[in-house]
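Peer 1: got a sequence here, can you build the structure:
(4 chains)
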Protein chains: 2
Amino acid sequence: MNLKKYTDYSLRVLIFTGLKHGEERARIKEISDVYNISQEHVRKVVHDLVKRGLIESTRGRGGGIRLAKPAHEINVGMLVRDLEQDFALLECFDKGVNHCVISPGCSLKHVINKALGAFFKVLEEYTLEDLIHNEEELKALMGLST
Amino acid sequence: MNLKKYTDYSLRVLIFTGLKHGEERARIKEISDVYNISQEHVRKVVHDLVKRGLIESTRGRGGGIRLAKPAHEINVGMLVRDLEQDFALLECFDKGVNHCVISPGCSLKHVINKALGAFFKVLEEYTLEDLIHNEEELKALMGLST
DNA sequence: TTAAAAGGTGTATTTTGAATACATCTTTAT
DNA sequence: ATAAAGATGTATTCAAAATACACCTTTTAA
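Peer 2: Numbering: from 1, shown residues only, chains lettered A, B, ... in the order given. Next comes the predicted model:
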């Protein structure tokens, strides 16, 4: 059981970007340096976040990225749901693929579904703002002058 | 986000086996036929469940498998935890691999962990007995004479 | 007006781990 | 002795994720 690295990276990109204020912008290069993730990947992740409307990017010299909406409007649960598209925890979750004969009478899927619901319920209690509440500490860890 | 097919298969093997009573035993061949999973795989899964002490097997003619303990003592949560060994949802969960600089001050891992806890809390409310409460229906779906 | 800085985009390759298959062995009741 | 059952180790296939490569577009400051 695991999440994709892209989900992890996306969250980290948002955390970094969330630390910029006002007219400040984050640059892909910066993010790539801080987290030691190649620029290519960061670029992909950023691009994706732009498409999802979470990040706003400006091209050209002096450009960069910033959050497209306030951090408290970016919900962690929604984000993870979005980024992880595939939640077919059991074969029978995917109608197209399933060929388990007992699935019509099988309680397992309900149990797993209920558990998955609980998982997201917790995540939905948090927003990006909660993840950057300790702004100074994070900046220090990143080696950013404050 | 997904579970391994082996987890799925294991649960299904237990469900099948749990429908046998008294001196009755399930045979790998039977399970393989009902679920349409090759005998090879069922064998692996069964072997694993035997090692985990959930199933008792008898070799030789007239042999087969049965639960090693009553169905209500087989907890779904524990089972899934056991079968899915790897819960490194984020890179920073795995100390050996992690190289995210912000991890000492990052709240994300706590949030994800809490969610994972909620996931298992739900699963732990169920045992194999709950999964086979509708014994007759399941047997009918499997095409077993009752 | 052009060079540098920034992001955009499509495609290809590598890696990993799960899923599956193959081959052969051991045990035991009849 | 033999057939029915499970045991076990190894090899192969496959898919998806992760990563890398190449090249494009936009913007602005020198």
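Peer 1: what's the distance between the residue of chain A found nearest DNA strand D and chain B?
Peer 2: At 2.3 Å from DNA strand D, residue A:60 is the closest residue in chain A, using CB to the nearest atom of the strand. Any C-beta I mention is one placed from the backbone N, CA and C, and that applies to glycine too. In this structure, residue A:60 lies at 29 Å from chain B, with CB to the nearest CB, to the nearest Å as the measure.
Peer 1: can you name the residues of chain A sitting close to DNA strand D?
Peer 2: Counting by CB under 7 Å from any atom of the strand, chain A comes close to DNA strand D at A:4-6, A:37-38, A:40-41, A:44, A:58-63, A:86.
Peer 1: next step: those residues restricted to helices.
Peer 2: Among the residues of chain A next to DNA strand D, DSSP state H puts A:5-6, A:40-41, A:44 in helices.
Peer 1: before we move on, back to that, of the residues of chain A next to DNA strand D, just say which sits nearest to residue B:104.
Peer 2: Each of those was scored against residue B:104 by CB to CB, and residue A:37 proved nearest at 18.2 Å.
Peer 1: so that closest one sits against residue A:8, correct?
Peer 2: No. Proximity of residue A:37 to residue A:8 does not meet the contact threshold set by CB atoms under 8 Å, at 9.8 Å.
Peer 1: tell me which of the two has more neighbours.
Peer 2: Counting neighbours by other CB atoms under 10 Å in any protein chain shown for residue A:37 and for residue A:8 shows that residue A:8 has the greater number, 23 against 19.
Peer 1: the more buried one contacts residue B:91, correct?
Peer 2: Yes. Under the contact definition of CB under 8 Å, residue A:8 touches residue B:91, with a separation of 5.5 Å.
Peer 1: can you tell me the element residue A:10 falls in?
Peer 2: In this structure, residue A:10 sits in helix A:5-18 according to DSSP states H and E.
Peer 1: tell me the buried residues in that helix?
Peer 2: Applying a neighbour-count criterion of 16 or more other CB atoms under 10 Å in any protein chain shown, the buried positions in helix A:5-18 are A:7-18.
Peer 1: and what of stretch A:133-145?
Peer 2: Under the neighbour-count criterion of 16+ other CB under 10 Å, stretch A:133-145 has A:138-139, A:141-142 buried.
Peer 1: closest to DNA strand C among the residues you listed?
Peer 2: residue A:142 (15.9 Å).
Peer 1: longest helix of chain A, counting residues only.
Peer 2: Here the longest helix in chain A is taken by residue count, with DSSP H as the criterion, and it is helix A:108-123.
Peer 1: just to revisit the earlier point, switch the buried residues of stretch A:133-145 over to TSV; also include secondary structure.
Peer 2: Output for the buried residues of stretch A:133-145, formatted as TSV (DSSP: H, G, I helix; E, B strand; the rest coil):
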residue	secondary structure
A:138	helix
A:139	helix
A:141	helix
A:142	helix
